[in-house]
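Undergrad: predicted model follows, preceded by the sequence.
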Amino acid sequence: MALKEFAHKSPAPLPATPAWGVVAGDDETLSVLRLEMTDRTESLPYHTLTRWTLQLGSDEILTIHAGSLVVKVRGRELAPVRDALDVGRLVSVRAVESRYLPLKTGTVVTGITVSSESTHE
């Protein structure tokens, strides 16, 4: 009788994935960081990531150095993105088109650019 009662219950909802990207679980091993821009997707091998810096302000910038590339992630409240990167659990970062920006506060990635290190010296 108890099985019939549970058979009609809907399954528990999956945890919501943040709009800004994906963070891996504790038991997952990552090999790449995926950058999801509005016009393309790029993947960087994790072993090439050498340094990252979060610049605070009204428009925050997370600068990631990977080999000869410099990735700039722009947005607001980017600390959770940096924190996931710090512990090696950041699977992907996703830029949201401005027309789809959430009205609520919280972490939002508004843009991602990738350039060569030589253009920033």
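TA: Perfect, thanks for sending it.

Undergrad: ranges for the helices of the protein?
TA: Using DSSP state H, the helices of the chain run over 2-7, 79-86.

Undergrad: weakest of the ones you listed in terms of mean pLDDT?
TA: Mean pLDDT per stretch puts helix 2-7 lowest among the helices of the chain, at a mean of 54.

Undergrad: low-confidence stretches in this protein?
TA: For the chain, the stretches with pLDDT under 70 are 1-16, 98-105, 119-121.

Undergrad: would you map the strands across it?
TA: With DSSP state E, the ranges of strands along the chain come out as 21-23, 32-36, 41-45, 49-55, 60-66, 69-76, 90-94, 108-116.

Undergrad: who touches the last one?
TA: By CB atoms under 8 Å, 6 or more residues apart in numbering, the surrounding residues in contact with strand 108-116 are 19-21, 35-37, 42, 59, 68-78, 81, 93-96, 98, 101-102. For the C-beta atoms, the positions are set from N, CA and C on the backbone; glycine is no exception.

Undergrad: any idea how far the nearest residue to residue 18 once chain neighbours are set aside is from residue 50?
TA: Nearest non-adjacent residue to residue 18, counting by CB to CB, 6 or more residues apart in numbering: residue 107, 6.5 Å away. Taking CB to CB, to the nearest Å as the measure, residue 107 falls 24 Å from residue 50.

Undergrad: one more: residue 30?
TA: Distance from residue 30 to residue 50, by CB to CB: 16 Å.

Undergrad: ok, the two, which is more surrounded?
TA: Neighbour totals were compared for residue 30 and residue 50, and residue 30 leads with 14 against 9 (other CB atoms under 10 Å).
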